[in-house]
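# generate coordinates for the sequence data below:
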Amino acid sequence: QVQLVESGGGLVQPGGSLRLSCAASGGTFKSAYMGWFRQAPGKEREFVARMLWSGGTTNYGDSVKGRFAISRDNAKNTLYLQMDNLKPEDTAVYYCAGDLRYFRGSYSATYWGQGTQVTVSS
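Here you go, the predicted structure:
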């Protein structure tokens with residue numbers, strides 16, 4: 001049974017940084033994409049970033065390009081999202097996702113974490 005457990009959310013001032021972690025267990029993701037989505041109050045879930053677990057290929061949502069970076073530690077089975085230069089509009093619940101797929105202009109995922117709150121405010 002696949003489990004994804006996020007951590008690292010919190011309150012940060014505009015311009016600050018946070019690093020989210022996602023500990024994965026119960027599955028093999030070597031040939032799959034792992035990534036992050038977010039959902040702000042009253043808005044639809046938004047794709048943030050994904051990477052091929054075996055390494056190399058990464059994709060980012062337009063609103064986070066150049067500010068966020070996705071990475072992973074194979075030995076720890078952990079996915080990360082480094083978020084820099086945070087803005088108030090980055091405030092959302094961030095979800096770790098497993099087995100991401102892209103089809104007809106949108107991303108979806110098979111596995112989801114429980115989410116972690118990120119609030120950017122002064």
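
# beta partners for the residue nearest the centre of the chain?
For the chain, the residue nearest the mean C-alpha position is residue 36 (2.2 Å; Cα atoms, centre = their mean). For residue 36, the beta-bridge partners are residue 49, residue 96 (DSSP bridges).

# so residue 31: helix, strand or coil?
coil (DSSP: H, G, I helix; E, B strand; the rest coil).

# would you mind measuring from the closest residue to it other than its chain neighbours to residue 16?
Excluding its sequence neighbours, the residue lying closest to residue 31 (Cβ to Cβ, 6 or more residues apart in numbering) is residue 54, at 6.5 Å. (Glycine included, C-beta is placed from N, CA and C.) Distance from residue 54 to residue 16, counting by Cβ to Cβ, to the nearest Å: 32 Å.

# who's residue 6 bridged to?
residue 22.

# could you list the buried residues of stretch 89-102?
Buried residues in stretch 89-102, counted by 16 or more other Cβ atoms under 10 Å: 90, 91, 92, 93, 94, 95, 96, 97, 98, 99, 100.

# cool, and stretch 6-19?
6, 8, 9, 12, 18.

# mind checking which of those land in strands?
6, 12, 18 (DSSP state E).

# ok, back up a step: between which two of the buried residues of stretch 89-102 is the distance greatest?
Using Cβ to Cβ, those reach their maximum pairwise distance at 91 and 99, which is 26.8 Å.

# okay, now the unreliable bits of this structure?
Within the chain, not a single segment meets pLDDT under 70.

# all strands of it, in order?
Using DSSP E, strands in the chain cover 3-7, 10-12, 18-25, 33-39, 46-52, 58-60, 68-73, 78-83, 92-103, 106-112, 116-120.

# single out the most deeply packed of these.
Here the criterion is mean neighbour count by mean count of other Cβ atoms under 10 Å, and of the strands of the chain the winner is strand 33-39, at a mean of 24.
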